[in-house]
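K.L.:
Fold the following, please.
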Amino acid sequence: MEPLTRRQVLQMGTLGALSVAVGGVGVARYGAPWAPAGVPGAATVAAPRGLMEPETLRSTNGLLRVNLVAGEQEVVLAGRRARALSYNGRVPGQTWRVRPGDRIEVSLENRLGSPTNLHTHGLHVSPKGTSDNALLSIGPSETFDYRFDVPADHPTGVFWYHPHRHGHVADQIFGGLYGTILVEDEDVPGARERVLVISDISLTRTGEVRGASAAERMMGREGDLVLVNGQLEPTITARPGQRERWRVVNACTSRYLRLALPGQQMQLLGIDSGHEATPRDVDEVLLAPGNRADLLVRMQAGTTELGTLGHDRGGPMMGMMSGQSPSGPRTLARLVVQGDGTDEPQPAARRPADPDLRQSKPDRRREITFTMGGHGGMGAMMALGFDGLPFDADRIDQSVATGSVEEWTIRNPTPMDHPFHLHVWPMQVIEVNGASSAEPVWRDVVNVPARGEAVVRIRFASFSGRTVYHCHILDHEDAGMMGTVEASPR
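P.N.:
Numbering: from 1, shown residues only. Sure thing, here's the model as predicted:
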């Protein structure tokens, strides 16, 4: 029986419009305002309502050293005591601030009851050895020393770190293991910076992280509580005229975020490693799981809400029949702007144009297709993959030449959206469902609409080695929707 779909993919004329609501994809609107969703959890504690930001670690003389302990312990989430996973006892983990050309050294100690590892999501660093090696496995009670060398010409922007041990990724990120990496610039003088890590989680009445059912894993789990820096609907305060730079990470395992801030001037600086030449006015920005946004907000007096308007990402047959409404509207935070106004800020610097591979003839073209076998039944979880094959760490799915430029057409014949993530090498989005852009659009997570396709170009520069591409609905990745790519000299 053919799977049903509730969604309607909006047809847009250009990818420029798509990229505002993106990783490069169409948007489906709910049309109703968002609303908070209170869910009983553990005992409440005296928690501040003002937005709390993660502790910051900054590189010194080109080096950032981090001792990172992954473990389960008591933390405060959404104003409740919870037994969750954390890095160094914090949810989210510490923010790492580095510059192009820096080295990051991380000693990762695994105090979990399961194997883990570390992925520096979006960084263009080596996939081999002790660098961003997604195929490493660090067992319980083991310690591993990582070294990430950030190239001197690395794009600035918002990146993040999280576990990537196959079979455990969704549980560990949903449980609280994630943090932000900022590759810094000086393009916005005088702006007050904030890091906003948006995640979701479900807690039992005793404060434990609730596990996911088979149906939730098939759909891609979404938590009852949607948090900003571990808080439920915190309050952000600012003064009229103040300019703030918001570094936003979608750390949800499956939830799409369509961000809006009514009554405020919001401008887009970039998504993932892609940049706007000058700040661009936007009403909303769609972030698939794993996407990040770099936003400028010019504060207007009054009170409003930062919310997600909702995105219908479709679903398998059983999701339709159960009446699930994934990635629905929610309030994320409240913004109160009051007091004396501030002076006119200095204009943001104009950035150099991002590279454009459309003038290069691809050395090779290839097609990659998302696979969801069966007819949406429970057995379909065992049939997730690419090109009819579930993930096999010992198999090389794509062999590429270092230094080459390739064009990949990523097809999605399934009835739900799938965000496509390639490690190490960023992707230039050429078109989505036939819509192209006048300007270069760069992403490391590209959402591929249900029954649609995306075309990307990739320069396999700088590094050789083996890594992975996968669906960033992390339950799908763990169930086999992942492949390997190996770059070798010509």
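K.L.:
What's the first helix or strand after the helix or strand of the chain with the lowest mean pLDDT?
P.N.:
Least confident helix or strand, the chain: helix 15-20 with a mean of 39, by mean pLDDT, DSSP states H and E. Counting by DSSP states H and E, the next helix or strand C-terminal to helix 15-20 is strand 56-58.
K.L.:
residues in contact with that following strand?
P.N.:
Identification of contacts with strand 56-58 by C-beta atoms under 8 Å, 6 or more residues apart in numbering yields Leu64, Val66, Gln94, Thr95, Trp96, Arg97, Val98. To be clear about C-beta, it is placed using only N, CA and C from the backbone, and glycine gets the same treatment.
K.L.:
wait, the last one sits on Ile181?
P.N.:
In other words, Val98. Yes: with contacts counted by C-beta atoms under 8 Å, Val98 reaches Ile181, the gap being 7.0 Å.
K.L.:
among the contacts of strand 56-58, which two are most distant?
P.N.:
Gln94 and Val98 (12.5 Å; C-beta to C-beta).
K.L.:
ok, the two, which is more surrounded?
P.N.:
Counted by other C-beta atoms under 10 Å, Gln94 and Val98 do not tie: Val98 has more neighbours, with 23 against 17.
K.L.:
Okay, the more buried one and Leu123: tell me how far apart.
P.N.:
Per C-beta to C-beta, to the nearest Å, Val98 is found 9 Å from Leu123.
K.L.:
Overlap of the contact sets of the two?
P.N.:
Val150, Ile181, Val183.
K.L.:
does the last one really touch Phe159, like I thought?
P.N.:
Read it as Val183. Yes: applying C-beta under 8 Å, one finds Val183 in contact with Phe159, separated by 6.5 Å.
K.L.:
Overlap of the contact sets of the two?
P.N.:
With C-beta under 8 Å, 6+ apart, Val183 and Phe159 have common neighbours Leu123.
K.L.:
who's more crowded, those two?
P.N.:
Ranked by neighbour count (other C-beta under 10 Å), Val183 and Phe159 place Phe159 first, with 25 against 21.
K.L.:
any chance you could read off phi and psi for the closest residue to Val66 other than its chain neighbours?
P.N.:
Spatial nearest neighbour of Val66, excluding adjacent residues (C-beta to C-beta, 6 or more residues apart in numbering): Val106 at 4.6 Å. Dihedral pair for Val106: phi -130, psi 120, per degrees, to the nearest 10.
K.L.:
ok, Val106 - how many residues close by?
P.N.:
By other C-beta under 10 Å, 19 other residues sit near Val106.
K.L.:
any idea how far it lies from Phe148?
P.N.:
Counting by C-beta to C-beta, the separation of Val106 from Phe148 is 7 Å.
K.L.:
cool, and Asp224?
P.N.:
According to C-beta to C-beta, Asp224 stands 34 Å off from Phe148.
K.L.:
Settle it for me: which of those two has more neighbours?
P.N.:
Neighbour count, other C-beta under 10 Å: between Asp224 and Phe148, Phe148 has more, with 22 against 15.
K.L.:
Could you pull up the residues touching that one?
P.N.:
Phe148 makes contact with Arg103, Ile104, Glu105, Val106, Thr120, Leu123, Val125, Ser131, Asp132, according to C-beta under 8 Å, 6+ apart.
K.L.:
same thing but at 6 Å, please
P.N.:
Ile104, Thr120, Val125, Ser131 (C-beta atoms under 6 Å, 6 or more residues apart in numbering).
K.L.:
how near is it to Gly93?
P.N.:
In terms of C-beta to C-beta, Phe148 sits 15 Å off from Gly93.
K.L.:
Over to Val429?
P.N.:
From Val429 over to Gly93 (counting by C-beta to C-beta), the distance is 29 Å.
K.L.:
returning to that earlier point: tell me which of the contacts of Phe148 is nearest to Gly176?
P.N.:
Closest to Gly176, out of all of those and judged by C-beta to C-beta, is Thr120, at 18.1 Å.
K.L.:
centroid residue for the protein?
P.N.:
Gly290 (1.3 Å; C-alpha atoms, centre = their mean).
K.L.:
Could you grab the helix/strand/coil label for it?
P.N.:
coil (DSSP: H, G, I helix; E, B strand; the rest coil).
K.L.:
check contacts around it.
P.N.:
Contacts of Gly290 by C-beta under 6 Å, 6+ apart are His421, Val445, His472.
K.L.:
all strands of the stretch 201-350 of the chain, in order?
P.N.:
225-228, 235-238, 243-250, 257-260, 265-271, 274-281, 284-287, 292-298, 302-308, 330-337 (DSSP state E, counting those that start in this stretch).
K.L.:
and of those, who's closest to Phe463?
P.N.:
strand 274-281 (19.9 Å).
K.L.:
by contact count, what packs against the closest one?
P.N.:
The elements that strand 274-281 packs onto, with contact taken as 3 or more C-beta pairs under 6 Å, 6 or more residues apart in numbering; DSSP states H and E, are strand 265-271.
K.L.:
so the strand it packs on versus strand 243-250, what angle?
P.N.:
Between strand 265-271 and strand 243-250, the angle formed by their directions is 50 degrees, by axes from the mean of the first three to the mean of the last three C-alpha atoms, to 10 degrees.
K.L.:
Just the CA trace of strand 265-271, in CSV.
P.N.:
Output in CSV follows, covering the C-alpha atoms of strand 265-271 (Å, rounded to 0.1, in the frame of the first residue of the first chain):
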residue,chain,number,x,y,z
GLN,A,265,14.4,43.3,13.1
MET,A,266,16.1,40.0,12.4
GLN,A,267,18.9,39.7,9.8
LEU,A,268,20.7,36.6,8.6
LEU,A,269,24.5,36.5,8.6
GLY,A,270,24.8,32.9,7.6
ILE,A,271,23.7,29.3,8.0
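K.L.:
show me where pLDDT drops low in this structure?
P.N.:
Regions of the chain meeting the criterion pLDDT under 70 cover residues 1-48, 317-325, 349, 374-382.
K.L.:
Phe174 is in what secondary structure piece?
P.N.:
In this structure, Phe174 is located in helix 169-175 according to DSSP H and E.
K.L.:
who touches stretch 383-391?
P.N.:
Counting contacts by C-beta under 6 Å, 6+ apart, the residues touching stretch 383-391 from outside are Ile368, Thr369, Thr371, Met372, Gly373, Gly374, His476, Ala479, Gly480, Met481, Met482, Gly483.
K.L.:
Swap in 7 Å and give it another go.
P.N.:
166, 368-374, 397, 476, 479-483 (C-beta atoms under 7 Å, 6 or more residues apart in numbering).
K.L.:
filter the residues you listed to the buried ones?
P.N.:
Among the contacts of stretch 383-391, those scoring as buried are 166, 368-373, 397, 476, 479-483 (criterion: 16 or more other C-beta atoms under 10 Å).
K.L.:
Just give the number of residues close to Ser131.
P.N.:
The burial count for Ser131: 19, using other C-beta under 10 Å.
K.L.:
Cheers, nothing more for now.
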